[in-house]
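Student: would you be able to build a 3D model of this:
(2 chains)
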Amino acid sequence: MSHGHHDPEENLPDWLRALRRQQEEQAGQSQPAAAPDPAEEPDWLQEIRQRYRPGATKAEPQEPAAGPSEEEPAPALQDTQPQLPLRLELAEEVAEPPEPWLPFEAEEPLETEPVDEALELAEPQARQPYGDIQEVEPAEDSLDLPATPTFIDESDETAFPSTPAFSEDPDDLPSEPGWLESLRPIEDFPHEDARSAAMLPEGPPQEGPLAGLSDVLPTSHLVGQIGKSVEYSTRLQVTGSQRQHAAVLQELLQSEEQRSADPVERPLGNRLLGLLGSLLLIAAVLVPLVTGSQSAGRPDSTQAPEVRNIFNSIDVLPAGAPVLVAFDLQPAQYGEVAPAVSAVLGHLLDKQARLVLLSTQESGPALAERLLAEHLGNTPLVSTGSYLNLGYLSGGSAALRSLTSDPRGVVLSGPGRSDPWQTPALQSIQHLRDFAMILVIASDGDSVRVWIEQAGTQLPAGLYAITSAQAQPLLRTYLQSSPPSLRGLVSGVSGAVIYERLRGDVGLGRHYWDAYSYGLGAMVLVILFGSLYSRLAQTTEPKPAKPGAPSGA
Amino acid sequence: MAPDLNFGLVLAAVLSLLALSYVFGEHPLLRVMLYLFIGVSAGYAAAVVVQDVLLPQLVFPVLDELFGTPTLDLGELGIRMALALLLLAKLFPKTARLGNPATALLAGVGAALAVAGAAQGTILPQVAATRNIFDVTTLQLALQGGYYLDAIEVIFSGLLLVLASVSTLAYFHFGATSRGKQEPQRSLLVDSLAWLGSFFIAIALAALFHGVLLAALAALVERLDFLQSTLRLLLGMP
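Tutor: Model prediction:
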């Protein structure tokens, strides 16, 4: 049984044929109006139309006498066409269901497949935009593949020819599909039109109240901008280098926490030795203090010429000489410096010197008052308050330089806001060098150095100092400079004992001296035995096995 | 003068015992004592600054100006107020930049004074003292008087000082030259002097450590004496 060409129109009933004819007639009446004759258009409109025609370039202007073009106008110039037919065309396009786009042309109609399978099928072809898509294996084979697709592991240059991203030779470029050619932008359009992107004619909107109208602002963009707020990321914008620094910092912090959480446990022997050493030291110090022993020999003044210098300078002071005492002392060194300070200030008070106290440390004035009351309260000048405490001088080295050049210009605060320069002790003082002696009492060498550098160069009589024992090595260089920046120095308990011996007095230094001496001996023993113990412990400690060495069975 | 027994004395004795209890290791009471010491020190310093600096040098002059009894020139008072307010702006992050001029003034003046003072008070006098490193006068007298041992001592001490100074400076000389593809190396002379200088540096550091130990021992003696005298007072012993 042969089947010839069979026209289905022949089997239509009459009423249906009549209805179809009626629809065709109505459709013929609604055909778009013929395009206006380009010859009747003004020159400027022809020029614009020619410029926006696809393929036209500025370097190749079209002949003005060219006949009417049969080509369709560029989409950008559809606003020059009549509006109503265009609206109908767009309406028909919207009404038609969009055809599914496939990257290859199937020889047979494809059956409807699930979306996921379709995506999997389309993926290999999407990786080769210009390849010969007809040579691609049927995509159904890839459905049974394991997790790693074969097109990655078994890539074939024949099936997936590599195409360079850019090629200057146009012959090397493969032929583009039609859909890609339609998406390619016209080169001259953005360069020729000076209008903003929002005003460019890109066709009338297809939806909304302005559907079909051209040369209007794109409402969809505006609505989208209004309805969608700008979102800012709350994450920190950090670079790779900053991440590395943060990682290092985090590691440091974690190591500190681990260290504090897991304190190193000292061996029992070390703890016992430390406890024994401490008890020995305390006993060596405490026993002479309790017994009041004075059996240890005192050092000779010939061993400390700097102490003798102070003694000699004070010893020749006239009665009532103004002496500036800078009390730059910290509370931690008060106990150590107190014997030397009480010895020297006692000597000054014996000479009836007018003491003027000053401090560049906040705690200095209070410590000065305490020391005078505690150790020199029995002297007449202290008990009657015949000394002047200028208080705290703020400003550090700048204040010292100002004090050196203009002492009266420096605002010094005293209790009751009285002007200290009107007191008898300071009436004759116009410059710092007018003081008969300047004595610096300091905890460390830096305080004395600041006084030497800022004020010592302006003082022909130089400076004298009473310090802690830890400052003596640093200040010895100023004793031996030329000219000597420091004329005299009493440091520590030994300096106090030497000074008391020069005065023929037995004071606090002598009271401490035995405990100090025996304590020093005990300290030497503790250091000696501690070092020996540590050395022995190191030698008897089993050495750690070297990495890689064979371990004994 | 023996102190009178009072609450402050007993509190000081207790705090001293807590400090000495570090012999047995750290414990919470020791930390309480440390926090108390730090807090009291900071609070006292702040109180002194307010009483001796801010009130008499800024607040009282402003009050005197307001009540018609000026004690300071108006321009000087204005400069003080402006600098103080600019420094106060450093407290707040938004206005911290306003305090930069006052901070720059402080830092600049401090640096200038430090450099000038170090040159005048430290470097020049000590460099000048090196002229007398060989006591020529004493050496001549010793040689003329036939005290040859003293003359040798003067020469030896001078040589020792020169050697110590040069070798210590060489220790801090880090210049090196590279020969071909070899690593940069110091010259043999500088390297030898630097090795010798390390001994003198060790001696200097030992002297500093010795001073610190002596200071600590003196402080221990004073505290133990205070404790035993306080205990005598508590027990009513003479």
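Student: alpha carbons only for contacts and neighbour counts from here, please
Tutor: OK.
Student: who are the contact partners of residue B:128?
Tutor: For residue B:128, the contacting residues are A:481, A:482, by C-alpha atoms under 8 Å, 6 or more residues apart in numbering or on different chains.
Student: after the helix or strand encompassing it, which helix or strand is next?
Tutor: Using DSSP states H and E, residue B:128 sits in helix B:124-129. Scanning forward in sequence from helix B:124-129 by DSSP H and E, the next helix or strand is helix B:136-145.
Student: remind me what that following helix packs against, helices and strands.
Tutor: helix B:148-171 (3 or more C-alpha pairs under 8 Å, 6 or more residues apart in numbering or on different chains; DSSP states H and E).
Student: helices or strands next to the very next helix or strand once past the helix it packs on in the packing?
Tutor: Per DSSP H and E, the first helix or strand lying C-terminal to helix B:148-171 is helix B:188-235. Here helix B:188-235 touches helix A:268-291, helix A:334-350, helix A:472-479, helix A:492-503, helix A:508-540, helix B:7-20, helix B:148-171, going by 3+ C-alpha pairs under 8 Å, 6+ apart.
Student: okay, the angle between helix B:188-235 and helix A:492-503?
Tutor: 70 degrees (axes from the mean of the first three to the mean of the last three C-alpha atoms, to 10 degrees).
Student: tell me the angle helix B:188-235 makes with helix A:334-350.
Tutor: Going by the same axes, to 10 degrees, helix B:188-235 makes 80 degrees with helix A:334-350.
Student: mean confidence for helix B:188-235?
Tutor: The average pLDDT within helix B:188-235 is 93.
Student: got the buried residues for the lowest-mean-pLDDT helix or strand in chain B?
Tutor: Least confident helix or strand, chain B: helix B:136-145 with a mean of 83, by mean pLDDT, DSSP states H and E. By 16 or more other C-alpha atoms under 10 Å in any protein chain shown, the buried positions in helix B:136-145 come out as B:139, B:142.
Student: contacts made by that helix with the rest, please.
Tutor: B:148, B:150, B:151, B:154, B:155.
Student: just the CA atoms of that helix, as CSV, please.
Tutor: C-alpha atoms of helix B:136-145 as CSV (Å, rounded to 0.1, in the frame of the first residue of the first chain):
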residue,chain,number,x,y,z
VAL,B,136,101.4,62.1,81.3
THR,B,137,102.0,64.3,84.3
THR,B,138,101.9,61.4,86.8
LEU,B,139,104.0,59.3,84.4
GLN,B,140,106.7,61.9,84.2
LEU,B,141,106.7,62.4,88.0
ALA,B,142,106.9,58.7,88.6
LEU,B,143,109.8,58.3,86.1
GLN,B,144,111.7,61.3,87.6
GLY,B,145,111.2,59.9,91.1
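Student: and the residue in chain A that chain B sits nearest to, how many neighbours?
Tutor: Closest to chain B within chain A is residue A:470: 3.8 Å, counting by C-alpha to the nearest C-alpha. Counted with other C-alpha atoms under 10 Å in any protein chain shown, residues neighbouring residue A:470 total 23.
Student: the closest residue to it other than its chain neighbours: neighbour count?
Tutor: Spatial nearest neighbour of residue A:470, excluding adjacent residues (C-alpha to C-alpha, 6 or more residues apart in numbering or on different chains): residue B:211 at 3.8 Å. Neighbour count of residue B:211, defined by other C-alpha under 10 Å: 20.
Student: and if you look at residue A:327?
Tutor: 26.
Student: helix or strand for it, just tell me which one.
Tutor: strand A:322-328.
Student: also residue A:506?
Tutor: Using DSSP H and E, no helix or strand contains residue A:506.
Student: what is the burial count for the closest residue in space to it that isn't next to it in sequence?
Tutor: Among residues not flanking residue A:506 along the chain, residue A:500 sits closest, at 6.2 Å (C-alpha to C-alpha, 6+ apart). Number of residues near residue A:500 (other C-alpha under 10 Å) recorded here: 24.
Student: doesn't residue A:386 lie inside a helix?
Tutor: No: with DSSP: H, G, I helix; E, B strand; the rest coil as the criterion, residue A:386 is coil rather than part of a helix.
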